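[1] Test case, fold it:
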Amino acid sequence: MVSRALSLATVTLLIGCFAAAPSPALAQATMAEMGAQLLGVPVSTKTGWQVACWAVAHAYNYHLSSVSFGGQTWTGASGTWMPNAGSGRGAAQNTVTVT
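    All right, here's what the predicted structure looks like:
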């Protein structure tokens with residue numbers, strides 16, 4: 001089951017473009033492939049980018065329309081990373097989440 005912390009995060013993996021909720025298998029897959037639950041918990045910059053890039057690579061399979069981390073957001077529509085407007089430094093940039 002996807003934890004409540006998964007929907008409250010700071011490195012943000014946003015859902016939307018595919019109009020479906022993220023698969024509950026997303027948390028299981030990150031745990032299986034990365035050895036730990038890395039969604040919805042504070043992570044280092046290096047780990048956060050690894051998780052964010054993994055999420056982009058698996059966006060279609062898990063119905064993700066955008067992935068945000070470190071003050072930047074990738075969207076499936078654009079296929080590129082763009083700076084977030086007004087993004088400052090803080091704990092929110094060091095957490096990976098899915099909505």
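[2] Tell me, what's the model's pLDDT at the spatially closest residue to Thr47 that is not a sequence neighbour?
    In space, not counting the residues next to it along the chain, Thr47 is nearest to Leu38; the distance is 6.5 Å by CB to CB, 6 or more residues apart in numbering. C-beta coordinates here come from the backbone N, C-alpha and C atoms, glycine included. Here the pLDDT value assigned to Leu38 is 84.
[3] what's near enough to touch Leu38?
    Leu38 sits next to Thr30, Met31, Thr47, Val51, Val96 when contact means CB atoms under 8 Å, 6 or more residues apart in numbering.
[4] So which of the residues you listed are in helices?
    Secondary structure from DSSP state H places Thr30, Met31, Thr47, Val51 of the contacts of Leu38 in helices.
[5] returning to what we had before: farthest pair in the contacts of Leu38?
    Met31 and Thr47 (13.5 Å; CB to CB).
[6] who has more neighbours, those two?
    Each of Met31 and Thr47 has its neighbours counted (other CB atoms under 10 Å); Thr47 has more, 17 against 13.
[7] ok, back up a step: which SSE is the residue nearest to Thr47 in?
    Following DSSP states H and E, one finds Leu38 outside all helices and strands.
[8] what stretches of the protein score poorly on pLDDT?
    Across the chain, the ranges flagged by pLDDT under 70 are 1-23, 86-93, 96-99.
[9] can you pull out the strands in it?
    11-14, 66-69, 72-75, 81-83, 96-98 (DSSP state E).
[10] Against which helices or strands is the fourth one packed?
    Just to be clear, that refers to strand 81-83. strand 72-75 (3 or more CB pairs under 8 Å, 6 or more residues apart in numbering; DSSP states H and E).
[11] go again using 10 Å as the cut-off
    If contacts are counted by 3 or more CB pairs under 10 Å, 6 or more residues apart in numbering; DSSP states H and E, strand 81-83 sits against helix 45-57, strand 66-69, strand 72-75.
[12] Kindly report the same for the second one.
    Using 3+ CB pairs under 10 Å, 6+ apart as the contact criterion, the neighbours of strand 66-69 among helices and strands are strand 11-14, helix 45-57, strand 72-75, strand 81-83, strand 96-98.
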